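Novice: make a model of this:
(2 chains)
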Amino acid sequence: MFAAYDIAHLLAGLMLVTGFAMLYQDRISAVLTTFAVQAILLSCAVAWQAVAQNRPHLFITAALALGLKGLVIPYALRRMVLKLGMHREVEQVVGVAKAFILGLCLTALSFMLVLRVTVKADVFTREGLAMALAIILIALLMMITRRNAVTQIVGFMSLENGLILAATGARGMPLVVEVSVAFSVLIALFVFGVFVFRIRERFDSVDIEALDQVRGDQR
Amino acid sequence: MNLSIALVIAIPLVGAAILALVPGYRISAAGNVLAMLATFAAGVSLIFAPKGASDYFILDEVNILFIILNTLVGLTTSVFSASYIGHEIETGKLTPTLVRFYHAMFLGMMGAMNLALTANNIGLLWVGLELATLITVVMVGIYRTPAAIEAAWKYFILGSVGISLAFFGTILIYLAGQAALGEGLPAMTWSKLLESAAQLDPALVNLAFVFLLVGYGTKIGLAPMHAWLPDAHSEGPTPISAVLSGLLLNIALYALLRFKMIAAANPGAINPGPILVVMGLVSLIFAAFMLYMRRDIKRLFAYSSIEHMGLITFAFGMGGPLANFAGLLHMAMHSLTKSAIFFAVGHVAQAKGTQRMEDIRGLSVSHPGLAIGLAAGVIAIAGLPPFGVFMSEFLILTTTFARQPWLAVLVAFGLLVGFGALLWRLQEMIFGEPSEPSHKVEASYAPLLVHLALVLMAGLYLPGPVVTWFTRAAELLK
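Specialist: Numbering: from 1, shown residues only, chains lettered A, B, ... in the order given. Prediction:
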């Protein structure tokens, strides 16, 4: 039997898979590609919600996700990475195996938590929310395990993907929020862009490790 | 939405757009003060505006109090900022282009803060706070030194993660509201959520409150999520440190209080009070001990902010009319005193050319005016009479002692530890042989004097209408 939430769950599940994939990619360009795939999946998921909930204005959010996070940002970051000559391997703080196990634990945790709490909500929302939380937690894990500024940006945007998935999965959440989330991603990119540029200017590297040597109290 | 609310948000935002186009830092600094003066007038006019809630905006005793405090400190900071920025341009630490950007951003931040404070829609509240945060991130990094960039980056990453978690909490609250109020706008409207708080699903409210606590708690600077706060305070321009400590932390606390009210009105949900009490107490005692290890003057007062935000959170966690009254009063006193201290510290750092406390000696000889200002501010924040901070701390202690004597002992312990650190550092900087180098500074004493006079007045005598207003706000907070 085919139901509206099957497709929603399929897309959310695929997003979760790309979240895991980002955990083990060790080249920056591969991380960027995987992120683009996740953003495109997000836009499909949001578009599907627009059809299933009969809320056409969600297509705006879908288009923003596709255009901005699926195409423009990955392209811009890739150009920057090539220009700075850092398309090499990214140092990881935690090994791939450990990161994977942690990711699995976080996924299990979010399913156990959300499914237990939302017993009264409809199926559409429940599992979607659980997967969104898993995506958010894995993105956080990625931000912790990577040393590189660009992968931290990608981790943060992946976190926003999870948030938008959760927000659109909640039936009838007013448009103002979705637009503002997209808007804040734009600002975030602006801020990030400025910072990456400045970090480059100062350290000749985009490695966060270089930043750790400066401590206000040790001067 | 009435006119005053529109003005409080629109004046700074329009001002920001205009100042972005104005070259010449003297004109833009004056424009900044003028716009803030108009915003403050609009903020005060809110007292006479009809209270009530629409779909997007709300006006009650609590947020009017926050807005007046917000616009007042914004106004005095803009006056301080004008003289501070003049010095930074002369010494070449900032370029005129950056200063133009700085003034536009300052007003933009004030507009975003007022948006968060007047919002009745929990999504709008989040947007305002996020916008204000992003702007302060840029401001913290404005000097572009390695330390400033590290601070801004750390602030950005921790702040964004915090605010994202808060957004997830907001979605969960919406889901809880959706079941009780139906789909769409009502389930995002704070006043309607509060009215029907008893019908919300307790399990969802619990989960949401945890996310909101961690998310907005990061922005309040509660330990252990405080790591960004000292860096952001010490590396940015001092007017921004004053606004961060005096205003932005309050607004994050305001957001958390709004959700605390929903959770507290739900009989099935966990009681948020004890959680706030524990987090506040941990922050208070932790920060009090950390004060002893500081070497940088702005970091010292940043840790002092963590200490006081902990105390305020503790007071609201205790709850009840008296503790809420004390919490609100302490919040106002802390904002005024701490920004006054940063006004003095900003000029001290410019006069001595350093923020290292070891290199700041003998201020009473070289800069008597600044020394008196700094000493008065530190004595006030340390909680000595006759200043208002003493009174609010005394109120918090007595009401706690009447209900939970052991907690009062812990609070008093934390306050005494912090007291010792502050006075020890103060006497080292004020007395002794003046250290070199020593520049002349054209300090603007007016903002400092206004703040300290208000704090002193509150300590000696609180006018009846003010007491009534605080009491009503405290009763609303439950």
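
Novice: what's whatever residue of the stretch 1-150 of chain B ends up closest to chain A sitting at in phi/psi?
Specialist: For the stretch 1-150 of chain B and chain A, the shortest gap (Cβ to the nearest Cβ) falls at B:G123, measuring 4.0 Å. All C-beta atoms are positioned from the backbone trio N, CA, C, and that covers glycine. Note on B:G123: its backbone torsions stand at phi -70, psi -40 [degrees, to the nearest 10].

Novice: can you give me the neighbour number for it?
Specialist: Using other Cβ atoms under 10 Å in any protein chain shown, B:G123 has 26 other residues around it.

Novice: likewise B:V365?
Specialist: By the measure other Cβ under 10 Å, the count of residues near B:V365 is 14.

Novice: find the closest residue to chain B in chain A.
Specialist: A:G172 (2.8 Å).

Novice: how about the contacts made by the closest residue to B:L322 other than its chain neighbours?
Specialist: With sequence-adjacent residues excluded and distances taken as Cβ to Cβ, 6 or more residues apart in numbering or on different chains, B:L322 is closest to B:T399, at 4.5 Å. Taking Cβ atoms under 8 Å, 6 or more residues apart in numbering or on different chains, we find B:T399 in contact with B:318, B:320, B:322-323, B:326.

Novice: quick one on the thing from earlier: for the residue of the stretch 1-150 of chain B closest to chain A, give its distance to A:G162.
Specialist: B:G123 sits at a distance of 17 Å from A:G162 (criterion: Cβ to Cβ, to the nearest Å).

Novice: picking up where we left off before, in the contacts of B:T399, find the pair that's most separated.
Specialist: Spanning the widest gap among the contacts of B:T399 are B:G320 and B:A326, at 9.8 Å by Cβ to Cβ.

Novice: between the two, who's got more neighbours?
Specialist: For B:G320 versus B:A326, the count of surrounding residues by other Cβ under 10 Å is larger for B:A326: 28 against 16.

Novice: what's the helix or strand for the more buried one?
Specialist: Using DSSP states H and E, the element containing B:A326 is helix B:320-352.

Novice: give the buried residues for that helix.
Specialist: Within helix B:320-352, the residues scored as buried using 16 or more other Cβ atoms under 10 Å in any protein chain shown are B:320, B:322-352.

Novice: tell me the SS of B:V441?
Specialist: Secondary structure for B:V441, judged by DSSP: H, G, I helix; E, B strand; the rest coil, is coil.

Novice: who are the contact partners of it?
Specialist: For B:V441, the contact set (Cβ under 8 Å, 6+ apart) comprises B:87, B:347, B:350-351, B:367, B:370.

Novice: if you set the cut-off to 10 Å instead, what comes out?
Specialist: B:83-84, B:87, B:346-352, B:367, B:369-370 (Cβ atoms under 10 Å, 6 or more residues apart in numbering or on different chains).

Novice: how about JSON lines for those, with pLDDT and distance to chain A added?
Specialist: Converted to JSON lines, the contacts of B:V441 look like this (pLDDT from 0 to 100; distance: Cβ to the nearest Cβ, whole Å):
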{"residue": "B:S83", "pLDDT": "86", "distance to chain A": "25"}
{"residue": "B:Y84", "pLDDT": "87", "distance to chain A": "20"}
{"residue": "B:H87", "pLDDT": "84", "distance to chain A": "21"}
{"residue": "B:G346", "pLDDT": "89", "distance to chain A": "16"}
{"residue": "B:H347", "pLDDT": "88", "distance to chain A": "20"}
{"residue": "B:V348", "pLDDT": "88", "distance to chain A": "17"}
{"residue": "B:A349", "pLDDT": "88", "distance to chain A": "13"}
{"residue": "B:Q350", "pLDDT": "86", "distance to chain A": "17"}
{"residue": "B:A351", "pLDDT": "85", "distance to chain A": "19"}
{"residue": "B:K352", "pLDDT": "84", "distance to chain A": "14"}
{"residue": "B:H367", "pLDDT": "85", "distance to chain A": "23"}
{"residue": "B:G369", "pLDDT": "85", "distance to chain A": "27"}
{"residue": "B:L370", "pLDDT": "88", "distance to chain A": "22"}
